[in-house]
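1. Predicted coordinates and the sequence they were generated for:
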Amino acid sequence: MELIEAIILAVLAASTPLLIAATGELVTERSGVLNLGVEGMMIVGAACGFGGAWLTGSIFIGALFGIVAGTLMSLVFALMALGLAVNQVATGLALTILGVGLSGLIGAGFVGERITPAAHLYIPGLTDIPLIGRVLFGEDAFVYFSLALIVGIWWFLYRTRAGLILRACGDNHVSAHALGYPVLRIRTFAVMFGGGCAGLAGAYLPLAYTPFFIPGMTAGRGWIALALVVFSSWRPGRLVVGAYLFGAVTILQLHAQGWGVGIPSQLMSALPYLATVIVLVLLSRARTGGSTAPAALGTVFVPDR
Amino acid sequence: MRKSLLALATGLLLAGSVSAASAADKLKVGFIYLGPVGDLGWTYQHELARQALVKELGDKIETTFLENVPEGPDAERSIEQLVRAGNKLIFTTSFGYMDPTLKVAKKYPNVHFEHATGYKRNPNMSTYSAKWYQGRYIQGLIAAKMSKSGVLGYIGSFPIPEVVSGINATILAAQTINPNIKVKIIWANTWFDPGKEADAAKALIDQGADVIMQHTDSPAAMQIASERGKFAFGQDSEMIKFGPKTQLTSILDTWGPYYIERVKAELAGTWKSEDTWGGLDSHMFAMAPYTNMPEDVKKIAEDAQAAITSGKLHPFKCPVIGQDGKEVECKGGANLDAGQILGMNFYVKGIDDKLPGK
């Protein structure tokens, strides 16, 4: 029983940064912009988030630093890809390379320092319930926030007028423009939201997961977040499933190794990625609800005034 | 305004050429690093050694390093870049630089190369490595003494001989203290991913391990063990900062003396291609202070360290029994020989797990 609880806790912790970063990217892509710089924005968020928390002693301020840093990074992207209509794929990749270098520079002063990680919720009685107590009532604030965020985004995209306009920009920017919507401004906000989420997801790593900063500590999670958006076929509900599935396979393969299940560890390390590929194939074969990529995703839009 | 800028630029150019001229009589030494110098582990220790080198011979040499150089064919470009910049002795500090280094070495016979942890050599390319399994043996003794559950947790990077020989040395040592000791092994299949290393440490502890050992590079596992009130060993570098009440000891890579020796040889014109595989006796690595353990355990560790240093104790003393229960052929007389240790691809008896790829 205790082991099951421990596994669920580890899965939630491993999935949360993926979920937050992927939520941001989902909104960005729904507006028609493909920002491949998630990894770069995450790692800068990690460096600034840790720096903020280390300087002020507050996890909350650290998280804010992470959000602001990610947003600033995304503004660089917005300036290039939206303002100057540069190729989005190239700009996104450049943003990642920039972020990795920049985070090393920002973080150089904090390497080797440690902080007290984010506190976990504790409600006497409720948190002590066996099996589900700590899972439901004993998480850190990031976990609850990530779930609130994705629910909020679902509501925004499908239940508000603003969400409808955002999706319209992603599906057909010419029509949206003709109807009088400021496509580039809306996309800029979406990119900024994606950047803020990526920054927060990055900050989660040094603030809650492993409370220290080391260059390169995101270790490819930004790319996984990007894959999750495709995996979810741009739907918030499936995104949650995908993020937790990915986290679960990651953690379970480690436990399987500890138990000595005779499967090669290399294969088990590849399982999460294999699962992604399989689900993608299944989704693309399904008649209804298959891939629903925003029609204008990744295309440059220059308003004709 | 423009005039003064021009003057300034000319001045800078002059200054540049002057410093280049004075640098010409200095020996240029280059380094290729795998990670960032701030990785707190593998690369950081090489950087400390470079700094020691500069401190010792700074008036005679000029050093350059390139960090974050990916392993594989891409490394070739970086190594050649150092050659073209005039470096006469180049240290390439990771296993994956082996073939690129050899390729560049063959192209530039007048430049000398030093490759860490590899096995391919050339008249102008040496290799150097350390007998870390000696340190792992000491850790095995401590781990068996400190474990209450009798279960050790081991986080491996990749199932290569260096890591496998470390696991075997640990278990052979632990069995001398507790014949029934168990070890749970998790392969992270990465050298560096703090999140994954932390997850692996959590999984091991959740499955009952109470002493965590790692052969991956970040202090994440140490920090998790500290959070859960267990014990752990550092890796490559001093990690006690991440577990003041957790770290028992750590194997510290100390490349400094070797780098100084090789650069001195280069300066004296006596450098030649060699294969150096040093242990505790030649100070290729050191043990961090033995902390967080009772005096008697500390004594066992210190005695073992002294015995290994003097050559009285060999971690792979024959007979070594393999997992299949058969005795491993003893090629080195009283011990397994260097080739058997450097190419170790079997688990010893007492490890329940199966070696990946076997």
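-> Received, thanks. Residues are numbered from 1 along each chain as shown, chains lettered A, B, ... in the order given.
2. Work out for me the element the spatially most central residue of chain A sits within.
-> In chain A, the centroid-proximal residue (Cα atoms, centre = their mean) is residue A:21; its distance is 1.0 Å. Here residue A:21 sits within helix A:2-30, counting by DSSP states H and E.
3. Is that helix in proximity to chain B?
-> Yes - counting by Cβ under 8 Å from any Cβ of the partner chain, chain B is contacted by helix A:2-30 at A:2, A:3, A:6, A:7, A:10, A:14, A:17. In short, each C-beta sits where N, CA and C put it, glycine included.
4. List buried residues within these.
-> Among these, those that count as buried by neighbour count (16 or more other Cβ atoms under 10 Å in any protein chain shown) are A:6, A:7, A:10, A:14, A:17.
5. sorry, back to before: for the residue nearest to the centre of chain A, give its distance to residue A:27.
-> 11 Å (Cβ to Cβ, to the nearest Å).
6. Between these two, which contacts overlap?
-> Listed as contacting both residue A:21 and residue A:27 by Cβ atoms under 8 Å, 6 or more residues apart in numbering or on different chains are residue A:197.
7. Run the chain-centre distance for stretch A:124-136.
-> Here the centre of stretch A:124-136 is set off from its chain's centre by 27 Å, with Cα atoms, centre = their mean, to the nearest Å.
8. where do the helices sit along the chain?
-> Defaulting to chain A. Along chain A, counting by DSSP state H, helices occupy A:2-30, A:38-56, A:59-77, A:88-107, A:133-137, A:141-159, A:161-171, A:173-178, A:183-204, A:221-231, A:236-259, A:265-285.
9. my bad, the chain I had in mind was chain B
-> Counting by DSSP H, the helices of chain B are B:2-23, B:42-57, B:74-84, B:98-107, B:132-146, B:161-177, B:194-206, B:220-227, B:256-268, B:295-310, B:338-342.
10. closest one to residue B:68 among the ones you listed?
-> helix B:42-57 (8.6 Å; Cβ to Cβ).
11. Can you list the buried residues in that closest one?
-> For helix B:42-57, by 16+ other Cβ under 10 Å, it's B:42-50, B:52-54, B:56-57.
12. how many neighbours does residue B:180 have?
-> Other residues lying near residue B:180 total 9 when counted by other Cβ atoms under 10 Å in any protein chain shown.
13. Could you pull up the residues touching it?
-> Contacts of residue B:180 by Cβ under 8 Å, 6+ apart are residue B:150.
14. And it, how close does it get to chain A?
-> 16 Å (Cβ to the nearest Cβ, to the nearest Å).
15. Likewise for residue B:42?
-> Distance from residue B:42 to chain A, by Cβ to the nearest Cβ: 12 Å.
16. for residue B:35, same thing?
-> 7 Å.
17. Can you verify my assumption that that residue contacts residue B:41?
-> Yes - counting by Cβ atoms under 8 Å, residue B:35 does reach residue B:41; the two are 7.3 Å apart.
18. Need the residues touching each of these two.
-> In contact with both residue B:35 and residue B:41: B:192, B:217, using Cβ under 8 Å, 6+ apart.
19. Compare neighbour counts for these two and give me the winner.
-> Higher neighbour count among residue B:35 and residue B:41: residue B:35, with 25 against 22, using other Cβ under 10 Å.
20. who are the neighbours in contact with the more buried one?
-> A:215, A:216, B:41, B:42, B:43, B:44, B:67, B:68, B:192, B:217.
21. which bits of the stretch 1-150 of chain A sit near chain B?
-> A:2-3, A:6-7, A:10, A:14, A:17, A:104, A:107-108, A:111-112, A:114, A:117.
22. Same list (the buried residues of helix B:42-57) but as TSV, adding distance to residue B:336.
-> What follows is these, written out as TSV (distance: Cβ to Cβ, whole Å):
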residue	distance to residue B:336
B:42	26
B:43	30
B:44	31
B:45	27
B:46	28
B:47	33
B:48	32
B:49	29
B:50	33
B:52	33
B:53	34
B:54	38
B:56	36
B:57	37
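23. Point out where the stretch 51-200 of chain B drops to low pLDDT.
-> In the prediction, the stretch 51-200 of chain B carries no residues with pLDDT under 70.
24. Residues of the stretch 201-305 of chain A that sit close to chain B?
-> So the stretch 201-305 of chain A meets chain B at A:205, A:209-212, A:214-217, A:219-221, A:250-251, A:254-255, A:257-260, A:262, A:264-266, A:269 (Cβ under 8 Å from any Cβ).
25. Those residues, buried ones only, as a PyMOL selection?
-> Selection of buried members from those for PyMOL, criterion 16+ other Cβ under 10 Å:
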select buried, chain A and resi 205+209+210+211+212+214+215+216+217+219+221+250+251+254+255+257+258+264+265+269
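26. quick one: contacts of stretch B:186-193?
-> Contacts of stretch B:186-193 (Cβ under 8 Å, 6+ apart): A:216, A:219-220, A:254, A:257-258, A:265-266, A:269, B:35, B:39, B:41-42, B:153-159, B:196-197, B:200, B:203-204, B:216-218, B:356.
27. Ok, stretch A:266-275 next?
-> Residues contacting stretch A:266-275 (Cβ under 8 Å, 6+ apart): A:224, A:245-246, A:249-250, A:253, A:256-257, B:187-189, B:356-357.
28. what's the distance between that stretch and the middle of its chain?
-> The answer for stretch A:266-275 is 20 Å, by Cα atoms, centre = their mean.
29. So which bits of that stretch are buried?
-> Neighbour-count burial for stretch A:266-275 [16+ other Cβ under 10 Å]: A:268, A:269, A:271, A:272, A:275.
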